[in-house]
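Structure, please.
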Amino acid sequence: MFMVHSNHCPLYLSESIASFSSNRDPARSVSGPKCIMPLTRTKFRDRDFSVAIQKVWNSLLESVRIADTLDIFKQNLKMCF
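Numbers count the residues shown, from 1 in each chain. Now for the predicted structure:
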């Protein structure tokens, strides 16, 4: 997801996986880039890769999601677990 967010992945992945919300409301706190979750009606669809990866991304800490580079992302992810 970091590669999708930073536009360093193949086009087919970025089109099929995520659209990121931009928090433009100044009254809300900034919480890093989050995926806009698609609505699903079945548990089968919830387990689809494109849905499951977005749930995992949104569950990460803000410090992991806002990393600028892949190396920083990896370091923050290791610190998280």
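
Where do the helices of this structure begin and end?
Along the chain, the stretches classed as helices by DSSP state H are 2-5, 11-17, 43-46, 49-59, 62-65, 70-80.

And the ones you listed: which comes nearest C35?
helix 49-59 (3.9 Å; C-beta to C-beta). C-betas here are computed from N, CA, C, even on glycine.

And the average pLDDT for the closest one is what?
If you average the pLDDT over helix 49-59, you get 85.

rewinding a little: quick one: closest of the helices of the chain to I36.
helix 49-59 (8.1 Å).

okay if I get the helices of the chain as JSON lines plus mean neighbour count and distance to K34?
What follows is the helices of the chain, written out as JSON lines (neighbours: other C-beta atoms under 10 Å; distance: least, C-beta to C-beta, whole Å):
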{"stretch": "helix 2-5", "mean neighbour count": "18", "distance to K34": "10"}
{"stretch": "helix 11-17", "mean neighbour count": "12", "distance to K34": "13"}
{"stretch": "helix 43-46", "mean neighbour count": "10", "distance to K34": "18"}
{"stretch": "helix 49-59", "mean neighbour count": "14", "distance to K34": "5"}
{"stretch": "helix 62-65", "mean neighbour count": "18", "distance to K34": "7"}
{"stretch": "helix 70-80", "mean neighbour count": "13", "distance to K34": "15"}
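
which of these has the lowest average pLDDT?
Per-stretch mean pLDDT for these is lowest at helix 11-17 (a mean of 79).

and that one, what does it pack onto?
Applying 3 or more C-beta pairs under 8 Å, 6 or more residues apart in numbering; DSSP states H and E, we find helix 11-17 packed against helix 2-5, helix 49-59.

mind putting these in TSV, distance to L11 included?
Shown next, in TSV, are those (distance: least, C-beta to C-beta, whole Å):
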stretch	distance to L11
helix 2-5	11
helix 49-59	15
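
can you tell which of those helices is closest to F73?
helix 2-5 (4.7 Å).
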